[in-house]
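Trainee: Got a predicted model here, sequence first, then my questions.
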Amino acid sequence: MENFQLKEKLNIPSILNLQKEELIKLIVKSGEKPYRAEQLWRSIYKECNLDFSEITTLSKDFRSKLEKQFRISTLEKKIHLDSSDSSTTKLLFRLDDGELIESVLMRYNSDYGKKGRKTACISTQAGCALGCTFCATGQQGFRRNLSSGEIIEQVLQLQKIAIQEDLSELEEGKRKKGEIQGITNIVYMGMGEPLANYNNTILSLRSIIDNTGINIGSRHITISTVGLVPQIKKLADEKLQINLAISLHASDNKTRSETMPVNKRFPIEELLDICHYYVEKTNRRIFFEYVLLKNQNDSLEKAEKLGKLLNGLHCHVNLIPVNPTSNGGYLRTDDQENRLFQGVLKRFGIPSTIRVEKGIDINAGCGQLRERTLSTN
Ligand code: SAH
Ligand code: SF4
């Protein structure tokens, strides 16, 4: 009997898959006033209520009507890990069909008296089809795309944690009333390739930026892509003000193809062409991610090539020490060499940052979700 009920429940769709306008239409069609839909939207997206029973501002009748048609939450939290320095929280979720995904919350202290940033790193696919050799997710293969609701719920689950923390700090007198900010930035840098799940990624984005709900501005959101050229073109034409990060990781085709099979489909020249197009269309600079892999892509000669390649493009390079626990057996380049590599880019006038890993102690075995926040503020 219990099994039967569970199965029944799994067939009920999540309301998080609806865009705001769709939700309003549906609620009005069911005979409720439009402001009820607004109330419902706010209580889910602003107050992070993930179960209808928590939404006590709505009548019992209305709630039970909703419950018959929808669920809010479909993610089951299996693991919650906090790093020893409390800067990073990693959650592992089980999806309806048993697939597992990870989401991460990263906290940054600000030196300037302002409250620090909180960045949510979210997944867009279970697994990934692109098979980059240094990436743990890529080595697992592709399982499936996430729905927009599954992408959004990761943000809401992390937001719940972030707001709770802000409230505790408020009680302790460490914050002023207006300083309940929750998550400030979002990076689509978890498991999977966001642009291979284009529609659901964009749908999730639209709900996240809605200013009556989660309300995180486009400029504080970053999508990271392995470099799918047609989708980058499509994204450029949407003229969203989000940040785009390209996983470049090499400055010549031979080196790139060795670790990123996608390079055979979309070689560096094509990728760079579309990056120029993106910058022209959106007027936004592009972020390039460059994971430093010892003896693979970290020589000064390769840095020179990178400098030449990116010369004249409005961009910023993030140099990322490879996660040593990942598959593929790559080693980290040491700090001194990282700085020399960075020095070469500087000579070409290309701004770059060497990323310091966060929550490394809870990334073990993950090889994927880590500090990868770009200088997006
Ligand atoms: N599929 C997208 C987004 C998810 S991966 C992409 O590839 O951009 C997010 C970032 O993590 C990418 O830049 C990816 O190259 C990087 N990454 C993957 N494995 C890594 C590892 N072992 N160490 C450091 N960065 C890694
Ligand atoms: Fe997929 Fe990105 Fe990992 Fe490559 S780095 S396998 S594209 S998730």
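Mentor: Yep, that arrived. Ligands and ions are numbered 1, 2, ... in the order given.
Trainee: make it CA atoms for all contacts and neighbour counts henceforth
Mentor: OK.
Trainee: how's this protein carved up into domains?
Mentor: Following automatic domain parsing, one finds the domains of the chain at 2-69, 75-217, 226-355.
Trainee: Test my guess that residue 46 contacts residue 214.
Mentor: Yes: the pair residue 46 / residue 214 is scored as a contact, 5.4 Å apart, by Cα atoms under 8 Å.
Trainee: more crowded one of these two?
Mentor: More neighbours surround residue 214 than the other of residue 46 and residue 214, with 24 against 18 (other Cα atoms under 10 Å).
Trainee: can I assume that one sits in a helix?
Mentor: No: Residue 214 is assigned coil when assessed by DSSP: H, G, I helix; E, B strand; the rest coil, not a helix.
Trainee: Who are the contact partners of it?
Mentor: Shown in contact with residue 214 (Cα atoms under 8 Å, 6 or more residues apart in numbering): 45-46, 207-208.
Trainee: per-residue pLDDT, the residue of the stretch 1-150 of the chain found nearest ligand 1?
Mentor: Relative to ligand 1, the nearest point of the stretch 1-150 of the chain is residue 135 (3.5 Å; Cα to the nearest ligand atom). On pLDDT, residue 135 comes in at 90.
Trainee: I'd like to know how many residues surround it.
Mentor: Residue 135: 23 neighbours (other Cα under 10 Å).
Trainee: Could I get the phi/psi values of it?
Mentor: phi -110, psi 130 (degrees, to the nearest 10).
Trainee: before we move on, the earlier item: generate JSON lines for the domains of the chain, with distance to ligand 2 as supplementary columns.
Mentor: Putting the domains of the chain into JSON lines (distance: least, Cα to the nearest ligand atom, whole Å) gives the following:
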{"stretch": "domain 2-69", "distance to ligand 2": "23"}
{"stretch": "domain 75-217", "distance to ligand 2": "3"}
{"stretch": "domain 226-355", "distance to ligand 2": "5"}
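Trainee: how about the helices in the stretch 101-250 of the chain?
Mentor: Taking DSSP state H, counting those that start in this stretch as the test, the helices found in the stretch 101-250 of the chain are 136-140, 148-171, 198-209, 229-238.
Trainee: Tabulate those helices (JSON lines), appending mean neighbour count and distance to residue 344.
Mentor: As requested, those are exported to JSON lines (neighbours: other Cα atoms under 10 Å; distance: least, Cα to Cα, whole Å):
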{"stretch": "helix 136-140", "mean neighbour count": "21", "distance to residue 344": "30"}
{"stretch": "helix 148-171", "mean neighbour count": "20", "distance to residue 344": "38"}
{"stretch": "helix 198-209", "mean neighbour count": "20", "distance to residue 344": "35"}
{"stretch": "helix 229-238", "mean neighbour count": "16", "distance to residue 344": "28"}
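Trainee: Among those, which comes closest to residue 90?
Mentor: Among the helices of the stretch 101-250 of the chain, helix 148-171 comes nearest to residue 90, with 9.3 Å by Cα to Cα.
Trainee: List of residues touching that closest one?
Mentor: With Cα under 8 Å, 6+ apart, helix 148-171 has contacts from 14-18, 45, 48, 73-75, 103-105, 118, 120, 122-124, 175-177, 179-183, 200-201, 203-204, 207-208.
Trainee: by how many degrees do that helix and helix 198-209 diverge?
Mentor: Using axes from the mean of the first three to the mean of the last three Cα atoms, to 10 degrees, the inter-axis angle of helix 148-171 relative to helix 198-209 is 30 degrees.
Trainee: Any residue of helix 148-171 touching ligand 1?
Mentor: No: counting by Cα under 6 Å from any ligand atom, ligand 1 has no neighbours in helix 148-171; the shortest distance is 13.5 Å.
Trainee: Buried ones among the contacts of helix 148-171?
Mentor: Among those, those classed as buried by neighbour count (16 or more other Cα atoms under 10 Å) are 14-18, 45, 48, 73-75, 103-105, 118, 120, 122-124, 180, 182-183, 200-201, 203-204, 207-208.
Trainee: Run through this structure and note the low-pLDDT ranges.
Mentor: 1-8, 110-115, 324-328, 358-377 (pLDDT under 70).
Trainee: Close to ligand 1: what parts of it are there?
Mentor: 134-135, 189-193, 224-226, 247, 289, 291, 322-323, 326, 367-368.
Trainee: Please narrow the residues you listed to those residing in strands.
Mentor: The strands, defined by DSSP state E, take in 224-225, 247, 289, 291 from the residues of the chain next to ligand 1.
Trainee: what would those look like in CSV with neighbour count and distance to residue 279?
Mentor: Shown next, in CSV, are these (neighbours: other Cα atoms under 10 Å; distance: Cα to Cα, whole Å):
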residue, neighbour count, distance to residue 279
224, 23, 15
225, 23, 15
247, 17, 16
289, 24, 16
291, 23, 22
